[in-house]
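Asker: I'll drop the sequence and a predicted model, then ask my questions.
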Amino acid sequence: MLKINKILDLPFISHPLTIATLILLIINDNYLKQMYGNAITGKISDFCGLYFFPLFLLASVTIIIRIVRSKNNYEPSWPHLLIIIIITYSFFAGIQLSEHLARFYESLLHPLGFPAKVTRDLTDLIAFISIVPLYIFNRNLGAK
């Protein structure tokens, strides 16, 4: 029998750094960008997004696997997160390098109520160093 508290037992998503990153991302994207809209607010979004989004995807996949397979004991591992990081970072690089991919991404988000405007800037790729804290705080993911 599936237990909801076990399904939602995701310490990597409730880590204080992950929560702080999400809060900063929300404040930045909903307030600071409207008030100041500059390179700094753009980089904050990039760094926070590249830290939080892979963890969000991993949490989503973990919950789906636990429900579909009825396996409360399924635990994701660092290699699972690394695969998601590679996919996420590749897509991020793609929208920075390709005008067509950037517009495609915008067209996907718009109907979902996220009127995104991608500002392509190769200096955004510096946010790839977000992988360092992702690794430091999640390298033991799935280890017992």
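Answerer: That came through fine.
Asker: now the spatially most central residue of the chain, nearest residue through space, not along the chain?
Answerer: Central residue of the chain (Cα atoms, centre = their mean): Phe53, 0.6 Å from the mean position. Among residues not flanking Phe53 along the chain, Thr88 sits closest, at 5.6 Å (Cβ to Cβ, 6 or more residues apart in numbering). The way it works is simple: take the backbone N, C-alpha and C, and place the C-beta from them, glycine included.
Asker: Now the element after the helix or strand hosting the one you found, going C-ward?
Answerer: Taking DSSP states H and E as the definition, Thr88 sits inside helix 78-97. Remark: after helix 78-97, the chain's next helix or strand is helix 99-109, criterion DSSP H and E.
Asker: any idea of the mean pLDDT for that following helix?
Answerer: Across helix 99-109, pLDDT averages out at 93.
Asker: Give me the next element, helix or strand, following it.
Answerer: helix 131-138.
Asker: follow-up on the earlier one: how about the CA coordinates for the helix holding Thr88, as PDB?
Answerer: Taking Å, rounded to 0.1, in the frame of the first residue of the first chain, the C-alpha atoms of helix 78-97 are listed here in PDB:
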ATOM      1  CA  TRP A  78      23.400  10.700  -8.100                       C
ATOM      2  CA  PRO A  79      23.500   9.100 -11.500                       C
ATOM      3  CA  HIS A  80      19.800   9.700 -12.000                       C
ATOM      4  CA  LEU A  81      20.300  13.400 -11.100                       C
ATOM      5  CA  LEU A  82      23.300  13.600 -13.300                       C
ATOM      6  CA  ILE A  83      21.300  12.400 -16.300                       C
ATOM      7  CA  ILE A  84      18.700  15.100 -15.600                       C
ATOM      8  CA  ILE A  85      21.400  17.700 -15.100                       C
ATOM      9  CA  ILE A  86      22.900  16.900 -18.500                       C
ATOM     10  CA  ILE A  87      19.500  17.100 -20.200                       C
ATOM     11  CA  THR A  88      18.600  20.400 -18.500                       C
ATOM     12  CA  TYR A  89      22.000  22.000 -19.000                       C
ATOM     13  CA  SER A  90      22.000  20.900 -22.700                       C
ATOM     14  CA  PHE A  91      18.600  22.500 -23.300                       C
ATOM     15  CA  PHE A  92      19.700  25.700 -21.500                       C
ATOM     16  CA  ALA A  93      22.800  25.800 -23.700                       C
ATOM     17  CA  GLY A  94      20.700  25.200 -26.700                       C
ATOM     18  CA  ILE A  95      18.300  28.100 -26.100                       C
ATOM     19  CA  GLN A  96      21.400  30.300 -25.600                       C
ATOM     20  CA  LEU A  97      23.000  29.200 -28.800                       C
END
